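S.K.: Dropping a prediction and its sequence here:
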Amino acid sequence: MYSILCLVLLSTAMVYGKTSYVSVPQDEVQNLLNWSMQCMATSGIDSETMQRLFTWKFDNTETVRKFIYCFATSSGYGDKNGHFVKEKMMKLVADHKRRNEYGDVIDECNKSNGSDKYDTMYKTAVCFYKNSPILLKL
């Protein structure tokens, strides 16, 4: 279940079978797990919905939006307006050969806007999931 929680924040996706995989830095894993547990409690998300988040087969609900926002902002990968913090996201891919593509996707998805900060973060994460060339793993 912990890997599910971590992958939800990172919100990266496979694109046409050309996805690259990058491991989350080990020094980040425990923090991500702690933030995910905290955000599960504050958002009220249940374990079944968390499992659906892992497969990106979930409904756009208030609880899901609040969890994604909480997780992103608590971890520092998202800002208070509902967009990704590019500098921190870029550190996850270090010198990966598709780093520039990854950065371009962040820029494009950070143009997303929703009805509030939670909806904006949701839209930003979904955009990133659909378009990112890199999938993060534990």
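M.R.: Right, received. Where do you want to start?

S.K.: only C-alpha atoms for contact and neighbour calcs from this point on.
M.R.: Noted.

S.K.: quick one, phi psi at residue 71?
M.R.: phi -60, psi -50 (degrees, to the nearest 10).

S.K.: scratch that, residue 84
M.R.: Torsion angles, degrees, to the nearest 10, at residue 84: phi -70, psi 150.

S.K.: Need the per-residue pLDDT for it.
M.R.: Here the pLDDT value assigned to residue 84 is 98.

S.K.: what's the neighbour count on the closest residue in space to it that isn't next to it in sequence?
M.R.: The shortest distance from residue 84 to any non-neighbouring residue, by C-alpha to C-alpha, 6 or more residues apart in numbering, is to residue 78 (4.2 Å). Neighbourhood size, residue 78 [other C-alpha atoms under 10 Å]: 25.

S.K.: Check residue 116 too.
M.R.: 11.

S.K.: Ok, residue 121 next?
M.R.: 31.

S.K.: could you give the mean pLDDT of the helix or strand harbouring it?
M.R.: Using DSSP states H and E, the element containing residue 121 is helix 117-131. In this model, helix 117-131 has a mean pLDDT of 95.

S.K.: Work out the gap between that helix and the centre of the chain.
M.R.: What separates the centre of helix 117-131 from the centre of its chain is 8 Å, taken as C-alpha atoms, centre = their mean, to the nearest Å.
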